[in-house]
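Chemist: here you go, sequence then predicted model.
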Amino acid sequence: MIASENVSRTRTERLVNLVICLLSTRRFLTASQIAATVPGYEHDADDPKDHEAFQRKFERDKAELRELGVPLETGTSSILDAEPGYRIARRDYALPDIHLAPDEASAVGIAARLWRHAGLSAAASSALTKLRAAGIDVDPHATFGVEPVVTVDPAFRPLTQAVRDRCAVTFTYRVPEHDEAATRRLQPWGVVCWRGRWYVVGHDLDRQAERCFRLSRILGDVRRTGRPGAYTPPGDVDMIDYVAHWSGRPPVERTGRATVLVRHGRADGVRRWAEEIAPGPDGDRMVLRYAEPEWFAAWLVGYGADVVALDPPEVRDAVVERLREIAAVYPREASETAGVS
Amino acid sequence: MPPAASADRLGRLLNLVPYLLARPGIRIAEAAGDLGVTERQLREDLELLWMCGLPGYGPGDLIDMAIDGDQVTITYDAGIDRPLRLTPDEALALAVALRMLAETPGLADRAAVQSALAKVESAAGGLADSPVAVRLPGNADRLDTVRSAVERRKALHITYYAATRDETTERVVDPMRVLVAEGHGYLEAWCRRAGAVRLFRVDRIDGMTELDEPAAPPPQAQPVDLSDGVFLPTPDQPLITLRVGRSGRWITEYYPCERVVEESPELWLVSLRAADLGWARRLVLGLGPDVTVVSPDALAEAVRDQAEVALAAYGVEVD
C-alpha cells in the first residue's frame, strides 16, 4: 500500500516536471533529451531491457497527459533532426482569460451543480476547478429560484462525441409501436433536449434523409462506423424546430362542445376542465371543450361510471362503443374462474 | 492507487498552482474546500509541488511558496500560471447545464446565465460550440408566479389536483424550491396535510394564495432525491400486470415499469407499480380495449364492473 502510494507519488511528480519542462521549451525535445532532463526517466540507454522499460514508461506518461487534455505537440525543430520530439504550446495548453461577474460566476456554479449525480458530474466539477484556478470565485451555495434537473440517457455521451468528431454511428433502435427493433445508421448533427427528452438529429444513411431519434429508445451501445471528419453537418438546420415538428402533436383547436353528467364529488380530473358547471339532483352537468371525439371519449371512459356523456352523439356513441369493447374482453365466467384460482 | 486517481491528482496539481497564484495568502482549509479535497491531502499536494520545477531543478527553478501557519502564497510558479484548457466533456457539461438554466421558465437571472454561457463558450474555443440544443416546456407564467411566491418565503394555500387520487385538494404548504424535471415544472414543499415533503406539478396547481405567515419547513423536510427520476414507485404499491397491444405501448415510456415481456410480437406483458387500484382502474379504462388486466384479479373485476355500471347508465345491458 505504502509502496504503491510512493510509486504513484513519484509518477505524479515526474509528470508535473514533464509538463513544466515541455511548456518551457520552444524546441521540440526528443525522448532521449527528455530522459536526460526530467527526473524519473534515468536509465541506461545501452541496455536494451532498460531502454525498453523507459520507452514503455514514457508512452504511458504521454497517454496520461493526452487523456488529461494536455496538448502534446510532436515535431522536429530542424530538418536535421532525425527523431521527432515533443513540446507543449502555451496557447494550446492554457485556458484563455475569462472574467465572470459575480452573478455570472453564480450561474456557472449552479449549472455545474445541476449534474449532481447524472452523466457529466465529474466533468462539470473539474471544469469548475479550472475556472476557480483562473481566479474566478464561485459561491457554492448560490441558488436561483428555479432549477432544472439535468439527466441524460446513456447514449448521450457517445453521441455528443460522435457529433463533435463528425463520425457516423450505428445503434439498435426500438420504437414501442413497432414490433421489431431496427439497426439504424446515422451521421449525427446534434443532440437536442426537447421538453425534457433527448433526441439526436442527423442524416439517416439508410433512409438518405434527415431523421431524429429519441435517446431513450436506443438499446445497447452506440458504435462508431467510419472515420472522424467524414461529413459536414448542414449549417442551416434548426434542430429544435425539427424535433418539435417531428415529436409534437400540432396544436389543436378545441372546437367541439360536450355536455357530461358527473357524479357529485367525483371525477375531479374532468371537473377542473369544465367551462360551466350546473349542479343537479342526479349529478353536476358540465360543459367541456374537445378537439377530437375519439380521444375525448377515451379520456372520459377512464372515469368509468362517474361520468356519463350526454351530448353530442359523436362523443356519446364513441364512449358507449369503447365501454362495450372493454366489457367484452372480460367475460363473466372467465374472470370468476380466475378469481377462484 | 488506480490510474484514474493518479490522473485526477495530476490534473489537480496542475490547476492548484494558478489557483493559489490568484489568491495570495489563502487559508489552506478554504482552498481544500474549494478544490474538494481534505486539508491533509492539500498539504501533501503542496509538498509534492515543492519538488517540481524547471529543468536544472535548483533553488531558483523549483516551484516555491510561503506557508505561514494555515496560509499559503505561491512565490514562484515555474511557468504553470494558467489552468489547463477545458476538455471537450468539461466544456459540454457546463454549456449544456447553462443552456438548461437559460431555457428554464420563470428564471429571474436569465441575462447572467446567457452572458456566462457566452463567456464559457468563448473560453472553450470551438469545443463548446457544442452539438447540443435545449428547449424546455412552457408554462412560464405559472412557474414564474410560483417562483416569486417561493422567493417571498411565505406559506402557501394551494388548490391542487392530485392525479393519482383524482381529487382536487386544498392544502397549506411550506415551499422549499421550484424545479423543472422531465418536462414539467414542480413545486417542492412541506405539505402540512400529508406531514411530508411533496412535489406538486405546477400545471396541476389550480389556485394559490400567499398566507401571512412565513414558510417554515420543519428540520426533517429534506429535498427529494431526483437522481432516479420524479416518479419513484415503492414496493408497497400494488404491482399490476397488463397485456398491452400496440396502441397502448406508450405506457412503457411514460411510466416506470418493473418488467416488460414480449408475449408475442403483438402483445406485451407490462408490470408496473400503481399508486393504488383506483388509479390503475382509471388508467386501464382510459387505455381502452387494446389493454387488458392480467393481474391482480381485483383490478380486472373493478374494470369490468365499472364498464358494466357505466354502460347501464346509457341503457346498455351486457350479456
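Modeler: Perfect, I can see it now. None of these values were measured; they are calculated from a predicted model.
Chemist: low-confidence ranges, chain B, go.
Modeler: B:1-7, B:126-131, B:136-140, B:318-319 (pLDDT under 70).
Chemist: tell me the centre residue of it?
Modeler: Closest residue to the average C-alpha location of chain B: residue B:226 at 5.0 Å, with C-alpha atoms, centre = their mean.
Chemist: list the contacts of it.
Modeler: A:149, B:179, B:181 (C-beta atoms under 8 Å, 6 or more residues apart in numbering or on different chains). From N, CA and C alone the C-beta is placed, and that goes for glycine too.
Chemist: so where do the strands sit in chain B?
Modeler: All strands of chain B, identified by DSSP state E, fall at B:26-27, B:64-68, B:71-76, B:132-135, B:154-162, B:167-181, B:184-191, B:196-201, B:205-214, B:239-244, B:257-262, B:268-273, B:291-295.
Chemist: any chance of the ones you listed in a markdown table, plus distance to residue A:257 and mean neighbour count?
Modeler: As requested, those are exported to a markdown table (distance: least, C-beta to C-beta, whole Å; neighbours: other C-beta atoms under 10 Å in any protein chain shown):
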| stretch | distance to residue A:257 | mean neighbour count |
| --- | --- | --- |
| strand B:26-27 | 69 | 16 |
| strand B:64-68 | 78 | 13 |
| strand B:71-76 | 75 | 17 |
| strand B:132-135 | 33 | 20 |
| strand B:154-162 | 22 | 19 |
| strand B:167-181 | 23 | 20 |
| strand B:184-191 | 29 | 24 |
| strand B:196-201 | 27 | 18 |
| strand B:205-214 | 22 | 13 |
| strand B:239-244 | 33 | 20 |
| strand B:257-262 | 37 | 12 |
| strand B:268-273 | 35 | 20 |
| strand B:291-295 | 29 | 20 |
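Chemist: dump the ones you listed to a markdown table, plus distance to residue B:251.
Modeler: Formatted as a markdown table, the strands of chain B follow (distance: least, C-beta to C-beta, whole Å):
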| stretch | distance to residue B:251 |
| --- | --- |
| strand B:26-27 | 55 |
| strand B:64-68 | 61 |
| strand B:71-76 | 58 |
| strand B:132-135 | 25 |
| strand B:154-162 | 20 |
| strand B:167-181 | 20 |
| strand B:184-191 | 17 |
| strand B:196-201 | 18 |
| strand B:205-214 | 25 |
| strand B:239-244 | 7 |
| strand B:257-262 | 8 |
| strand B:268-273 | 7 |
| strand B:291-295 | 8 |
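Chemist: any chance of the ones you listed in JSON lines, plus distance to chain A?
Modeler: Putting those into JSON lines (distance: least, C-beta to the nearest C-beta, whole Å) gives the following:
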{"stretch": "strand B:26-27", "distance to chain A": "11"}
{"stretch": "strand B:64-68", "distance to chain A": "13"}
{"stretch": "strand B:71-76", "distance to chain A": "11"}
{"stretch": "strand B:132-135", "distance to chain A": "4"}
{"stretch": "strand B:154-162", "distance to chain A": "6"}
{"stretch": "strand B:167-181", "distance to chain A": "4"}
{"stretch": "strand B:184-191", "distance to chain A": "7"}
{"stretch": "strand B:196-201", "distance to chain A": "11"}
{"stretch": "strand B:205-214", "distance to chain A": "6"}
{"stretch": "strand B:239-244", "distance to chain A": "9"}
{"stretch": "strand B:257-262", "distance to chain A": "8"}
{"stretch": "strand B:268-273", "distance to chain A": "8"}
{"stretch": "strand B:291-295", "distance to chain A": "5"}
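Chemist: any idea how far the residue nearest to the centre of chain B is from residue B:180?
Modeler: Note on residue B:226: its distance to residue B:180, by C-beta to C-beta, to the nearest Å, is 11 Å.
Chemist: what's the neighbour count on residue A:139?
Modeler: Counted with other C-beta atoms under 10 Å in any protein chain shown, the neighbours of residue A:139 add up to 11.
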